[in-house]
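> Just need the structure, nothing else, for what follows:
(one chain, ligands or ions: 2)
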Amino acid sequence: MRYAVLVTGPAGAGKSTFTASFLTHLSTTRRTAHLVNLDPAAVTENSEYQPVIDIKDLISVDDAMSELGYGPNGGLVYCFEYLLENMDWLEEELGGFDDDYLIFDCPGQIELYTHHPFLPTLVRHLNRMGIRTCATYLIESQFMEDKYKFFSGVLSAMSAMVNLEIPWINIMSKMDLVTQNPDDPASGARNGFIARKNIARFLDPDPLLLVAAPGDDAQKQAEMNPRFHSLNQAIVQLIEDHPLVSFLPLDLSDPDTLETVISHIDYTMQYGEDEEPREPRDMDEGDFQEMD
Ligand SMILES: Nc1nc2c(ncn2[C@@H]2O[C@H](COP(=O)(O)OP(=O)(O)OP(=O)(O)O)[C@@H](O)[C@H]2O)c(=O)[nH]1
Ligand SMILES: [Mg+2]
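Ligands and ions are numbered 1, 2, ... in the order given. Next comes the predicted model:
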């Protein structure tokens, strides 16, 4: 059985860093894993892990820019389209791996996750090849400092999930950057600090964070801009009706959080179910509710 994990999410969310830590963790537990680079703009020469499959061997964004005169963004989109037309190249490259775990480091173009056919087509090919696939979607913890930014992250995760229809794990990356204000545990996101008790309301997004309270900024904005207020109300309703998104916290300075994330990935792909039984891992929510 072969497995593929797509590491997705907006630009700079920590995808490549997570991918490298994931590979390190698997190799220390003696599992065979390989890196697949799907980012045509990635600089991989000096990185810790070299990809076994690299989209840049097919086409790089520099080629698209220098030979076809695209700018950086048009060049990237051209690269994905070129790969879509040459999926037999990828299938051939993937053909040589048996019983392996492939980690796909994806690019950070948000269009890829919202409406571009690139990932759905890739997933169809992986399915057809009998490769069990799941996706992780990372957003960075700094999003929690601004609730509007945070909910736009939640909506982008939702739209990507709905687009792909494969097992899906959302990750709140860079949790080491979450600073606590010891003097005022209730200070909340307003001062750039996220109160410990509030973290749970972000990891399991509480749409009521968007509801205006008397005297707060949201209340003032609601008075000044009623349409913004109704949009927020609609988002609150959407998330209440479809609570699809929750996040596992990832703090790379705390190996337990990485292990929890990997356990969830293994579990959703039923990794190793055909092999010898292992110690059952604790898959309940206790792991991240400790942060309450
Ligand atoms: N503090 C902290 N910084 C991180 C962490 N993960 C990544 N970073 C930093 O965030 C920046 C972006 O990380 P990358 O891993 O390159 O992010 P990416 O999602 O692959 O970025 P793109 O491929 O450009 O979309 C780098 O400067 C990393 O060093 C983390 O867990 N904690
Ligand atoms: Mg990257």
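
> For Leu26, which non-adjacent residue is closest in space?
In this structure, Leu26 finds its nearest non-sequential neighbour in Ala33, 4.1 Å apart by CB to CB, 6 or more residues apart in numbering. Backbone N, C-alpha and C define where each C-beta goes, glycine included.

> Ramachandran angles for the one you found?
The main-chain torsion angles of Ala33 are listed as degrees, to the nearest 10 and equal phi -140, psi 150.

> Identify the residues contacting it.
Ala33 is in contact with 22-23, 26-27, 100-103, counting by CB atoms under 8 Å, 6 or more residues apart in numbering.

> Leu6 falls within a strand, correct?
Yes: with DSSP: H, G, I helix; E, B strand; the rest coil as the criterion, Leu6 is located in a strand.

> got a list of what it touches?
Under the criterion of CB under 8 Å, 6+ apart, the contact partners of Leu6 comprise 104, 106, 119, 122-123, 133-136.

> hmm, 7 Å instead?
For Leu6, the set of contacting residues under the criterion of CB atoms under 7 Å, 6 or more residues apart in numbering consists of 104, 106, 133, 135.

> And Leu208, by the same measure?
Residues near Leu208 by CB under 7 Å, 6+ apart: Val236.

> Alongside ligand 1, which residues does the stretch 1-150 of the chain contribute?
Taking CB under 6 Å from any ligand atom, the part of the stretch 1-150 of the chain that reaches ligand 1 is made up of 11-17, 39, 108.

> Most neighbours among the residues you listed, which one?
Within these, neighbour counts (other CB atoms under 10 Å) peak at Lys15, which reaches 26 neighbours.

> just to revisit the earlier point, adding pLDDT, secondary structure and neighbour count, write the contacts of Leu6 out as a markdown table.
Conversion of the contacts of Leu6 to a markdown table gives the following (pLDDT from 0 to 100; DSSP: H, G, I helix; E, B strand; the rest coil; neighbours: other CB atoms under 10 Å):
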| residue | pLDDT | secondary structure | neighbour count |
| --- | --- | --- | --- |
| Phe104 | 97 | strand | 26 |
| Cys106 | 95 | coil | 25 |
| Thr133 | 96 | strand | 22 |
| Ala135 | 96 | strand | 26 |
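
> just those now: which is nearest ligand 1?
Cys106 (8.0 Å; CB to the nearest ligand atom).

> part of a strand, is Ile103?
Yes: under three-state DSSP, Ile103 sits within a strand.

> hey, which helix is longest across this structure?
The single longest helix within the chain, with elements called by DSSP state H, is helix 147-164.
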